[in-house]
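[1] coords below, sequence missing:
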């Protein structure tokens, strides 16, 4: 089996390296210095425009919507580059949400959103954390269809009630995709416009210092045309978001290990670079192994999502393995980096501090490895490999 990247995938990664080349993570204040306020009031609009101009927002869209028709592997290659510079843009959320609308949404919804999202004219995000960050997102909001009123799309409006916490880019995105459950235990995806009647936002600050939003829905009425009811839509979107987050963690880990290696090769003790000390070499070698495990499990999960290839386990098994390695690996990488940098690791004027804050946010977003191991165990029990 050939696991090399295609020319189109490599071209997307090369374009991303060019776009992100001038991004300086230390140009944003440390969350430790903002006194409980977000590190910035908006996403990086200049970078967002460059990403759109390079056609990186439309990678997963088909030609009809002005896209390149590429797959999850190409997106993850781009996200890896974004993670290296802590890019402050909803690249993952917009790309994944648009891909879900393309795959499962109706004709009217696709026409209204996809081309505009691909050109960067609108930003999309996803409410994927549920009420508390620990429960299933689709269970945090109820959805019922009101057959007595129809504002477009046929079949009556949908009425949503519930709360979604820690919605990324909630204040900047034009639309939020909100998973919800119906009375017959189905999941739907509602496309909710910013400022939609019946919705309110409360500011939350992440460990990275970015502004999140608690989205509260109280009898929010969503036209039927803006609700995706196709089976499997939320599960597919959730897997793509998780895999993309693993790609961001991989890019962050790549850069942090590079910073650590560079520092250890220049920092001297007893007349020798600390990189020559056995204890330092062993620790950095262990973190290199973490990165390679994060990488191989990421590409396996992205390939399964992209190809829909059958396997002994559902694709959710590959995603769980990728999340296990990403959440544990990125934590170990930044902790080792902090240790080997000594006092510099705690200096808020040194960029490693921001990488540590972002790594913690990504780790929390992915969830604890133990939970994914339990889910993987349940899958193995239901799909024995023997």
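    Now that the structure is in, tell me what you want to look at. As the structure is a prediction and not an experimental result, all values here were calculated from the model.

[2] contacting residues for residue 126?
    For residue 126, the contacting residues are 93, 96-97, 167-168, 176-177, 237, 241, by Cβ atoms under 8 Å, 6 or more residues apart in numbering. The C-beta positions use only the backbone N, C-alpha and C, and glycine is treated the same way.

[3] what's near enough to touch residue 46?
    Under the criterion of Cβ under 8 Å, 6+ apart, residue 46 has no contact partners.

[4] that one should be in a strand, yeah?
    No. Per DSSP: H, G, I helix; E, B strand; the rest coil, residue 46 lies outside any strand segment and is helix.

[5] in this structure, which spans are strands?
    Residue ranges of the strands in the chain, as given by DSSP state E, are 124-126, 141-146, 157-168, 175-181, 187-193, 199-205, 211-222, 227-228, 268-269, 272-273.

[6] which one of these has the lowest average pLDDT?
    Out of those, the stretch the model trusts least by mean pLDDT is strand 268-269, with a mean of 71.

[7] tell me the pLDDT at the residue nearest the centre of the chain?
    Among the residues of the chain, the one closest to the centroid is residue 245, at 3.7 Å (Cα atoms, centre = their mean). What the model reports for residue 245 is a pLDDT of 98.

[8] please apply the same query to residue 357.
    Confidence per residue is given as pLDDT, and for residue 357 that number is 92.

[9] which sections of the stretch 1-150 of the chain are below the confidence cut-off?
    Residues of the stretch 1-150 of the chain that meet the criterion pLDDT under 70 lie in 1-3, 148-150.

[10] mind listing the helices for it?
    Per DSSP state H, counting those that start in this stretch, the stretch 1-150 of the chain carries helices over the ranges 7-20, 45-53, 72-84, 91-104, 107-118.

[11] domain parsing of the chain, as residue ranges.
    Described in terms of automatic domain parsing, the domain architecture of the chain consists of the residue ranges 7-123, 126-228, 233-382.

[12] quick one: residue 99 and residue 61 touch, right?
    Yes. A contact is recorded between residue 99 and residue 61 when judged using Cβ atoms under 8 Å, the distance being 7.4 Å.

[13] please convert the contacts of residue 126 to TSV, extending it with distance to residue 381 and neighbour count.
    As requested, the contacts of residue 126 are arranged in TSV below (distance: Cβ to Cβ, whole Å; neighbours: other Cβ atoms under 10 Å):
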residue	distance to residue 381	neighbour count
93	33	22
96	29	30
97	33	26
167	33	23
168	33	24
176	35	27
177	31	28
237	26	23
241	26	22
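
[14] and those as a markdown table, adding distance to residue 360?
    Compiled in a markdown table, the contacts of residue 126 are given as follows (distance: Cβ to Cβ, whole Å):
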| residue | distance to residue 360 |
| --- | --- |
| 93 | 19 |
| 96 | 22 |
| 97 | 25 |
| 167 | 18 |
| 168 | 15 |
| 176 | 24 |
| 177 | 25 |
| 237 | 24 |
| 241 | 18 |
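
[15] for the helix of greatest length in the chain, which positions count as buried?
    Of all the segments assigned as helix in the chain under DSSP state H, the longest by residue count is helix 233-266. Of the residues in helix 233-266, those buried by neighbour count under the rule 16 or more other Cβ atoms under 10 Å are 233-234, 236-257, 259-261, 263-264.

[16] from the contact counts, what lies against it?
    Packing partners of helix 233-266 (3 or more Cβ pairs under 8 Å, 6 or more residues apart in numbering; DSSP states H and E): helix 72-84, helix 91-104, strand 175-181, strand 187-193, strand 272-273, helix 278-307, helix 315-341, helix 352-366.

[17] try 7 Å
    Applying 3 or more Cβ pairs under 7 Å, 6 or more residues apart in numbering; DSSP states H and E, we find helix 233-266 packed against helix 72-84, helix 91-104, strand 187-193, strand 272-273, helix 278-307, helix 315-341, helix 352-366.

[18] now do the fourth one: which elements does it pack against?
    For strand 272-273, the elements it packs on are helix 233-266, judged by 3+ Cβ pairs under 7 Å, 6+ apart.

[19] direction-wise, compare the helix it packs on with helix 7-20 and give the angle.
    60 degrees (axes from the mean of the first three to the mean of the last three Cα atoms, to 10 degrees).

[20] picking up where we left off before, highest mean neighbour count out of the helices and strands packed on helix 233-266?
    Mean neighbour counts were compared across the helices and strands packed on helix 233-266 using mean count of other Cβ atoms under 10 Å; the top stretch is helix 72-84, at a mean of 27.

[21] chain center to that one, what's the gap?
    10 Å (Cα atoms, centre = their mean, to the nearest Å).

[22] what lies in contact with it?
    Outside helix 72-84, the residues within contact range by Cβ atoms under 7 Å, 6 or more residues apart in numbering are 5, 8-9, 12-13, 16-17, 20, 56, 59-60, 91-92, 95, 240, 243-244, 247-252, 254-255, 298-299, 302-303, 305-306.

[23] that one versus helix 278-307: what angle between them?
    The directions of helix 72-84 and helix 278-307 differ by 140 degrees, with the same axes, to 10 degrees as the criterion.

[24] circling back to that earlier point, quick one: contacts for the residue nearest to the centre of the chain?
    Neighbour list for residue 245: 92, 362, 365-366 [criterion: Cβ under 7 Å, 6+ apart].

[25] mind doing that once more with 8 Å?
    Contacts for residue 245 were tallied using Cβ under 8 Å, 6+ apart; they are 92, 326, 362, 365-366.

[26] export the residues you listed to TSV and tack on distance to residue 271?
    TSV is the format used below for the contacts of residue 245 (distance: Cβ to Cβ, whole Å):
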residue	distance to residue 271
92	46
326	39
362	38
365	44
366	42
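
[27] closest to residue 216 out of these?
    Looking at those and their distance to residue 216, the nearest is residue 365, at 20.7 Å (Cβ to Cβ).
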